[in-house]
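K.L.:
Quick check, what structure comes out for this input:
(2 chains)
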Amino acid sequence: GAVVSQHPSWVICKSGTSVKIECRSLDFQATTMFWYRQFPKQSLMLMATSNEGSKATYEQGVEKDKFLINHASLTLSTLTVTSAHPEDSSFYICSARVTSGGRGSSYNEQFFGPGTRLTVL
Amino acid sequence: QKEVEQNSGPLSVPEGAIASLNCTYSDRGSQSFFWYRQYSGKSPELIMFIYSNGDKEDGRFTAQLNKASQYVSLLIRDSQPSDSATYLCAVRPTLIQGAQKLVFGQGTRLTINP
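P.N.:
Next up is the predicted model:
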């Protein structure tokens, strides 16, 4: 399958600071990337859909001013958690949809990055 | 009613047996169905996708889809301890604005006992 990377893999920060997480598609172009959040022992919750060159589409209940998404190129999307608080501590995972040039079996699959574990003190 | 429902388990299966994981979905028009495996502390890994009614086999894995019953399952033959993980069922809804996103079930925790 296609390869998606995330950086950093883990981060610890103080309450009130901002944290940027990068998601990259390494061997394919991704016009669409997705950001998920997963709390312990819970399933994935979609936060937003990131579209290259346009504004992200946020799911209901997700604050767009708190979770800033930028998808400036076909291989990079970033999620910035602004003014982070302890309740934002979670496992943040991005995924990318194969649209062209990838090694997926079809053009509809999503491949996940390894995730970023955020701990806010 | 949740859009995608799975039994959270845990499901315990002896090594070498068949593990059967089930998933139901509410959007009757859904066309794409995916099974992901997630090890503890790791991100999900795609193991199967299915678009048409019937069975699709890939190695020890078989995905089964019944659109009339809005039911999709995953069978794992010759279960191995390394198959112990949480299995997530995901469905792509048919709403135009949501045509690209996946909706995940809560996952079934599977344990293979040696």
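K.L.:
Could you pull up phi and psi at residue 71?
P.N.:
No chain was given, so I picked chain A. phi -120, psi 80 (degrees, to the nearest 10).
K.L.:
Quick one: residues contacting it.
P.N.:
Applying Cβ atoms under 8 Å, 6 or more residues apart in numbering or on different chains to residue A:71 gives the contacts A:33, A:50, A:51, A:52, A:53, A:54, A:56, A:77, A:78. (C-beta placed from N, C-alpha, C; glycine too.)
K.L.:
Could you dump the residues you listed into TSV and include distance to chain B, secondary structure and neighbour count?
P.N.:
Compiled in TSV, these are given as follows (distance: Cβ to the nearest Cβ, whole Å; DSSP: H, G, I helix; E, B strand; the rest coil; neighbours: other Cβ atoms under 10 Å in any protein chain shown):
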residue	distance to chain B	secondary structure	neighbour count
A:33	10	strand	29
A:50	11	strand	25
A:51	9	strand	16
A:52	13	coil	17
A:53	15	coil	9
A:54	13	coil	9
A:56	12	coil	21
A:77	14	strand	28
A:78	17	strand	19
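K.L.:
Now these in TSV, please, with extra columns for distance to residue B:5.
P.N.:
Shown next, in TSV, are the contacts of residue A:71 (distance: Cβ to Cβ, whole Å):
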residue	distance to residue B:5
A:33	27
A:50	28
A:51	29
A:52	33
A:53	36
A:54	33
A:56	28
A:77	30
A:78	33
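K.L.:
buried stuff in the host helix or strand of residue A:118?
P.N.:
Taking DSSP states H and E as the definition, one finds residue A:118 inside strand A:116-120. For strand A:116-120, the neighbour count (16 or more other Cβ atoms under 10 Å in any protein chain shown) marks A:116, A:117, A:118, A:120 as buried.
K.L.:
what are the bridge partners for the residue lying closest to residue A:97 once chain neighbours are set aside, then?
P.N.:
Sequence neighbours aside, residue A:32 is the residue nearest to residue A:97 in space, at 4.6 Å (criterion: Cβ to Cβ, 6 or more residues apart in numbering or on different chains). Judged by DSSP bridges, the bridge partners of residue A:32 are residue A:51.
K.L.:
can you check residue A:96 too?
P.N.:
In this entry, residue A:96 is beta-bridged to residue A:33, residue A:111, by DSSP bridges.
K.L.:
okay but it is in contact with residue A:23, surely?
P.N.:
Yes - contact criterion Cβ atoms under 8 Å: residue A:96 and residue A:23 qualify, at 7.2 Å.
K.L.:
Give the full set of residues in contact with residue B:88.
P.N.:
With contact set as Cβ under 8 Å, 6+ apart, residue B:88 has these partners: A:43, A:44, B:6, B:35, B:36, B:37, B:38, B:44, B:104, B:105, B:107.
K.L.:
Around chain B, which positions in chain A sit nearby?
P.N.:
A:1, A:32, A:34, A:42-44, A:46, A:49, A:57, A:93, A:97, A:105-106, A:108-115 (Cβ under 8 Å from any Cβ of the partner chain).
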